[in-house]
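*Asks:* give the three-dimensional model of this entry:
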Amino acid sequence: MKAVIDRFEGEYAVVLFGDGELKAGIPRQLLPPQAREGSLLHVTFELDHEATEKQKKKIQDLLGKLKNKPKNN
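*Replies:* Below is the predicted model:
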């Protein structure tokens, strides 16, 4: 996906995705140091299936502990 840095506002860059229909504030520290207003970016998002499953299990385990916790009266 292509994106362009429209402008900087403090520590954030206003980035326009695609044809400019979608706009997001991205922390400046996540961008390459040489990025400037008008810089074109190639952006990708990738799912981490293994980490997602680990996170689901962790949440299920925590919920199980909460449900089985004795109530204090």
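
*Asks:* average model confidence for stretch 49-65?
*Replies:* The average pLDDT for stretch 49-65 rounds to 95.

*Asks:* all the helices of the protein, residue numbers only.
*Replies:* Here the chain has its helices, by DSSP state H, at 49-68.

*Asks:* any idea how far the longest strand seen in it is from the chain center?
*Replies:* Under DSSP state E, the strand in the chain containing the largest number of residues is strand 2-9. Centroid separation for strand 2-9 versus its chain: 16 Å, with Cα atoms, centre = their mean, to the nearest Å.

*Asks:* just use 382 as the starting number from now, easier for me
*Replies:* That works, and once the first residue is 382, the last one we named lands at strand 383-390.

*Asks:* now that strand: average pLDDT?
*Replies:* For strand 383-390, the mean per-residue pLDDT is 96.

*Asks:* so what strands line up beside it?
*Replies:* Strand 383-390 has its sheet partners listed here by DSSP bridges as strand 393-398 (antiparallel), strand 421-423 (antiparallel).

*Asks:* can you pull the buried residues of that strand?
*Replies:* Applying a neighbour-count criterion of 16 or more other Cβ atoms under 10 Å, the buried positions in strand 383-390 are 384-386. Using the backbone N, CA and C atoms, a C-beta is placed for each residue, glycine as well.

*Asks:* show me which of those residues is closest to residue 434.
*Replies:* Comparing the buried residues of strand 383-390 against residue 434 with Cβ to Cβ places residue 384 closest, at 29.5 Å.

*Asks:* tell me if I'm right that that closest one and residue 401 touch.
*Replies:* No - Residue 384 is beyond contact range of residue 401, at 9.5 Å (criterion: Cβ atoms under 8 Å).
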